[in-house]
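Q: let me see the structure of the following:
(2 chains)
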Protein chains: 2
Amino acid sequence: MKLFYAPQSPFARKVRVVSIEIGVEEQIELVFIKVLPGTPNTTFQNTHNPLRKIPALETSGGSTIYDSTVICEYLDSLSGVTKMIPADGPERWRTLTNHALAQGMCESAVLIRYETWLRPEPLRWANWTNDQWDRINTGLEWFERNDEAVGGQIDLAQITLGCLLGYMDFRWPDNGWRERYPNISDWYEILMRRPSFSRTIPQDPSPA
Amino acid sequence: MKLFYAPQSPFARKVRVVSIEIGVEEQIELVFIKVLPGTPNTTFQNTHNPLRKIPALETSGGSTIYDSTVICEYLDSLSGVTKMIPADGPERWRTLTNHALAQGMCESAVLIRYETWLRPEPLRWANWTNDQWDRINTGLEWFERNDEAVGGQIDLAQITLGCLLGYMDFRWPDNGWRERYPNISDWYEILMRRPSFSRTIPQDPSPA
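A: I've put the predicted structure just below:
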C-alpha cells in the first residue's frame, strides 16, 4: 500500500500512528506529496483525490481511499479485530463524537495556519483566527474536564487529540496549553512515550 | 431526540434526508441554532458542541452526538439494518471514500460562503475562493465520469452530493453546473423527486 502524506500534517500523522499501533506499518510505503491551497498538485488531484488533500491511501488492489478517518478504519479492519473504534454500543458513538471533536480542532488549527502564514498579510482577519482558537480552546477545556475521554485504552479519538497537540507544539511552541490544561498535559506526556508518537513527530519537509 | 440544525446547512440537511429515508424522522425534534464564525453561540458551545458546529444530536438518553456523519451512522444503526453505508467489503470503502469527497466539497462550499459573504470585503482573497471552487469542480468532474457513484441504491455519498448541489443552487443559482455535468444533472433531477429531498430544500432562517 502507498500512503500519500506530508511530515507536518496532523491528519497524515493520525494514519501513521494507527498503522504503527495496529502493526501494519511495514505494509505501507510513504510517498511525500506537497499540497497547498492556491498551488495545486494537479497530478495527485487527477489520479488520487480531487480535493487534493492528504492523506490518501492507494491499496494493494490499486483503489484509493480517503479521508484520514476512512483510512484509519480501513487499516483497522484488515486484521479482523478492530481496535481503534469500538464496534458498537454507546462506546462507539462516544468515541466517534470525541474523535469528531478532536478532528474539528485539527481542522481549526490548519485553518489558523493558512490564515496567519499562507494568506497575504494585508488580507488577514483577526476575527477568523480568534474564532478558530476559541474552538480549539473550548475543545481542550472539554477534554480537560472529561478525563474519561483521555484515559483507558488508546483509541482514534485520543490519537487525533495527540496529533492536534503535537501540531500545536510544532507550529506554536509558545502556546502554553500545558499550564492551562494540566490533566491533558499529564496524559500527553505518557502518550508521547509510545513509539507510534515518538517516531512521527511533525517536521517540515526537507528542501527538495 | 433533538437535532440542532439550521435550514440552510448542507450538513444538517444530510442528517434530515437520512432520517426521512430510514423512517426515523418522527422521533426527531428540530431545534434551530444560529452559529456563525465570529459570533459564537456560547450556550450551545458549552452544553453540546465545543466546536459550535451544527448538526448535533441530543439522544433520548441525553448524550450528544456529532458530526453529521456520525449522526447519520447512529440513526442508521437504530433499526438494526443499516442502509446508508455498506457494512463491509470493498463497497464500504468505496462508499465512505465517495462520501468523504462529497463532504469535502460541501466544506469547500461553506468556506467560499464565509470568504465571499462573512469576511469584510477588503480582506477577501480571490486565490482562496478559486482554490475551493477548483476542488468542487474537480470533484464534480470525478462524479460525472464515475457514473456508478451516482447510480444504484441511494447511500450516504449520494445524499451528501445531493446536499452539495442543493446548496450550490441556493447560494449560487447562476453557477451553471447542469450544463457542464449532464450525467449528474440527470441523476439529480430524479433524486430531487424523493420526499427526503423535496421536503428539505435549503432556505434562510426566518427573521426572529
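Q: can you pull the buried residues of stretch A:187-201?
A: Neighbour-count burial for stretch A:187-201 flags A:Trp187, A:Tyr188, A:Leu191, A:Arg194, A:Ser196, A:Phe197, A:Thr200 (criterion: 16 or more other C-beta atoms under 10 Å in any protein chain shown). Quick note: C-beta positions are derived from backbone N, CA and C, even for glycine.
Q: list the contacts for the fifth one?
A: Residues in contact with A:Ser196, defined by C-beta atoms under 8 Å, 6 or more residues apart in numbering or on different chains, are A:Arg16, A:Val17, A:Val18, A:Ile20, A:Glu21, A:Ile159.
Q: try it again with 10 Å
A: Counting by C-beta atoms under 10 Å, 6 or more residues apart in numbering or on different chains, A:Ser196 touches A:Arg13, A:Arg16, A:Val17, A:Val18, A:Ser19, A:Ile20, A:Glu21, A:Ile22, A:Glu25, A:Ile154, A:Ile159, A:Gly162.
Q: what of the first one?
A: In this structure, A:Trp187 makes contact with A:Phe143, A:Glu144, A:Asp147, A:Ala149, A:Val150, A:Gly151, A:Gln158, A:Leu161, A:Gly162, A:Leu165, A:Tyr181, judged by C-beta under 10 Å, 6+ apart.
Q: repeat that with 7 Å
A: When contacts are counted by C-beta atoms under 7 Å, 6 or more residues apart in numbering or on different chains, A:Trp187 is found next to A:Val150.
Q: and for the fourth one?
A: A:Arg194 sits next to no residue when contact means C-beta under 7 Å, 6+ apart.
Q: torsion angles phi and psi at it?
A: In this entry, A:Arg194 is assigned phi and psi values of phi -70, psi 140 (degrees, to the nearest 10).
Q: quick one on the thing from earlier: can you tell me which of the buried residues of stretch A:187-201 are in helices?
A: A:Trp187, A:Tyr188, A:Leu191, A:Ser196, A:Phe197 (DSSP state H).
Q: what's the most distant pair in those?
A: Maximum pairwise distance in those, criterion C-beta to C-beta, is 15.1 Å, between A:Trp187 and A:Ser196.
Q: show me which residues of chain A sit near chain B.
A: Within chain A, the positions adjacent to chain B are A:37-38, A:40, A:45, A:50-53, A:64-67, A:70, A:74, A:93, A:96-97, A:100-101, A:104, A:119-120, A:123, A:125, A:127-128, A:131, A:134-135, A:138-139, A:142 by C-beta under 7 Å from any C-beta of the partner chain.
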